[in-house]
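>>> Have a look; sequence and predicted model below, questions after that.
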Amino acid sequence: MRSAMSPTLLLLVAAMVQSAAGAEPCHGGHGECPTQEEDQVAVLQHTVSNHHGTVDARGDCDPATMCCPSKRGPACKSNADCVGLHGCVRCAGSGACTDVPLPGPSPPPSPPSPRPSPPPTSPTPPPATAPCSDTSAYYAAVDASQSDLKQQLYNLIKGHKVASYGEIWGAFDSTDTSESVIPDSGGCTQPGADGDHDLPDIYSNKCWEEFSEQCGQYSQEGDCYNREHSWPKSWWGGDKIPAYTDLHHLYPTDGKVNSKRSNYPFCKVATASYHYEGSKLGSCDAVASYGFSGTGFELKDEWKGNIARSYFYMATRYGGDGYTCCDKEAVSGFDIKPWQVSLLLDWHAADPVSDWERERNSDICAHQLNRNPFVDHPEWVAKIFKKAEGASKTPVFR
């Protein structure tokens, strides 16, 4: 903290101000002469400054020949009279040389900083055409007469909204139940206690009560339902890519039967080692399965077309994403092998799109904002997917 000015110094300042008041002003020279008021202020400021540590401590300072702090210097009429005298810088308004520089004019105040411009705001985009309610608008840009139809559809359906795996349980409650449309499965023709038709099972005749019967642990058929990847996740390496929660190939199925299906390809089973309510696991009929005679899984007839269209969707949606894993009996990456395509074409033809499947397509769209084109336009299947060379043109469905 600074100390108060001493009485002696105050008397000295008063004397200087009084002396300056009656002195003859300077007459110009090397620079403009200050007014008495300006000079008084300058002397006072300089005196106070020196009092706080800048006073010349020389005891032999002669004010007749040099400028000394807090003392009047030699008489002068202009700044030229003070040039060369030790410590003097100008002729003060009091008519004496001084070592006190005249304070320069205060710099003009800085102009106020311009108010920053608000960040540009992007216009609110118009709401996208709802693909779930206006299918004509959804496919308006598709030209099915072109040879690149599959690429056009890929560009349309890619980039869908991806759900978490946990959200699939709740999604089934809207995608696989209906208040008005009877499911394809004959086992769910009557509404449940909540007024909806309960969840149909594509691998059995069971109608599952949504939420309360989800797996969980199971030891036998009928214990609970789970979330079946009809295109097994091991076929793309198991990574949690968007296909992992893509509802267009996910179905509620009996946990026990699902475990039996494992990741075997779909086929026409000739000899079953396991069967349950229309589903079979065993060796495939090489004729009906277009040359494939390994182990495979066959589901009930009323769901075969649904699965075929799910597979055509998967090959279209993810075939353009560049996945190369994995080479399996029925697929290579997301390309369906010729024998499997031929079988699925049979299933697609023999089990046409139903009202329940159309409703499910729209309900899935409400969740993930894309549609299965082959449910809306089943005629596009033949434009993209062809039977294996030399395969029978007659659907094999027995």
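It's in. Numbering: from 1, shown residues only.

>>> check which helix or strand covers residue 374.
Assigned by DSSP states H and E, residue 374 belongs to helix 373-376.

>>> Show me what that helix is packed up against.
Counting contacts by 3 or more CB pairs under 8 Å, 6 or more residues apart in numbering; DSSP states H and E, helix 373-376 packs against helix 149-157, helix 304-319, helix 355-368. (Each C-beta comes from the backbone N, C-alpha and C, glycine too.)

>>> send the alpha carbons of that helix over as CSV?
Only the C-alpha atoms of helix 373-376 are listed here, as CSV (Å, rounded to 0.1, in the frame of the first residue of the first chain):
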residue,chain,number,x,y,z
PRO,A,373,-38.9,-52.9,-51.4
PHE,A,374,-39.7,-56.5,-52.2
VAL,A,375,-42.8,-56.4,-50.0
ASP,A,376,-44.1,-53.3,-51.7
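
>>> For it, report the contacting residues that lie outside it.
135, 138-139, 142, 153, 156-157, 309, 312-313, 316, 348, 353, 357-358, 361, 380-381 (CB atoms under 8 Å, 6 or more residues apart in numbering).

>>> Buried members of those into ChimeraX, please.
In ChimeraX, this line selects whichever of the contacts of helix 373-376 come out buried by 16 or more other CB atoms under 10 Å:
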select :135,138,139,142,153,156,157,309,312,313,316,348,353,357,361,380,381
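
>>> Packed most tightly, which of the helices and strands packed on helix 373-376 would that be?
helix 304-319 (a mean of 24; mean count of other CB atoms under 10 Å).

>>> Helix 355-368 and that one, what's the angle between them?
Helix 304-319 and helix 355-368 are oriented at 30 degrees to each other (axes from the mean of the first three to the mean of the last three CA atoms, to 10 degrees).

>>> next SSE after the longest strand seen in the chain?
Using DSSP state E to define each element, the chain has its longest strand at strand 269-276. Next along the chain after strand 269-276, taking DSSP H and E as the criterion, comes strand 279-284.

>>> what packs against the helix or strand that that next one is followed by?
Going down the chain from strand 279-284, the next helix or strand is strand 295-298, by DSSP H and E. Judged by 3+ CB pairs under 8 Å, 6+ apart, the packing partners of strand 295-298 are strand 269-276, strand 279-284.

>>> what's strand 295-298 in contact with?
260-262, 264-269, 279-284, 289, 329.

>>> What of stretch 378-385?
For stretch 378-385, the external contacting residues (CB under 8 Å, 6+ apart) are 144, 149-150, 153, 309, 312, 315-316, 336, 341, 344-345, 348, 352-353, 373-374.

>>> average pLDDT for the helix holding residue 374?
The pLDDT scores in helix 373-376 average 98.

>>> right, and the helices and strands packed on strand 295-298 - which one's nearest residue 227?
Closest approach to residue 227 among the helices and strands packed on strand 295-298 (CB to CB): strand 279-284, 17.0 Å.

>>> so what strands line up beside that closest one?
Within its sheet, and counting by DSSP bridges, strand 279-284 is paired with strand 269-276 (antiparallel), strand 295-298 (antiparallel).

>>> Quick check: closest non-adjacent residue to residue 90.
residue 79 (5.0 Å; CB to CB, 6 or more residues apart in numbering).

>>> I meant to write residue 293 there.
Per CB to CB, 6+ apart, closest to residue 293 is residue 286, 4.0 Å.

>>> ok, now which ones touch that neighbour?
270, 292, 293.

>>> got a winner among the residues you listed for most neighbours?
With neighbours taken as other CB atoms under 10 Å, the top of the contacts of residue 286 is residue 292, carrying 22 neighbours.

>>> Quick check: pLDDT value at that residue.
Per-residue pLDDT puts residue 292 at 98.

>>> Grab the nearest non-local neighbour of it.
residue 339 (4.9 Å).

>>> Could I get the pLDDT score of that neighbour?
For residue 339, the pLDDT comes out at 97.

>>> for residue 260, same thing?
98.

>>> Alpha carbons only: can I get the one helix or strand it maps to in CSV?
Per DSSP H and E: residue 260 is located in helix 255-261. Only the C-alpha atoms of helix 255-261 are listed here, as CSV (Å, rounded to 0.1, in the frame of the first residue of the first chain):
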residue,chain,number,x,y,z
GLY,A,255,-35.8,-70.0,-28.0
LYS,A,256,-35.4,-73.8,-28.1
VAL,A,257,-36.2,-74.1,-31.8
ASN,A,258,-34.0,-71.2,-32.6
SER,A,259,-31.1,-72.9,-30.9
LYS,A,260,-31.7,-75.9,-33.1
ARG,A,261,-31.7,-73.9,-36.2
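
>>> Now the residue nearest to residue 293, what are its backbone angles?
Per-residue torsions, residue 286: phi -60, psi -30 (degrees, to the nearest 10).

>>> Tell me how far it lies from residue 298.
The spacing between residue 286 and residue 298, counted by CB to CB, to the nearest Å, is 14 Å.

>>> All good on my end, thank you.
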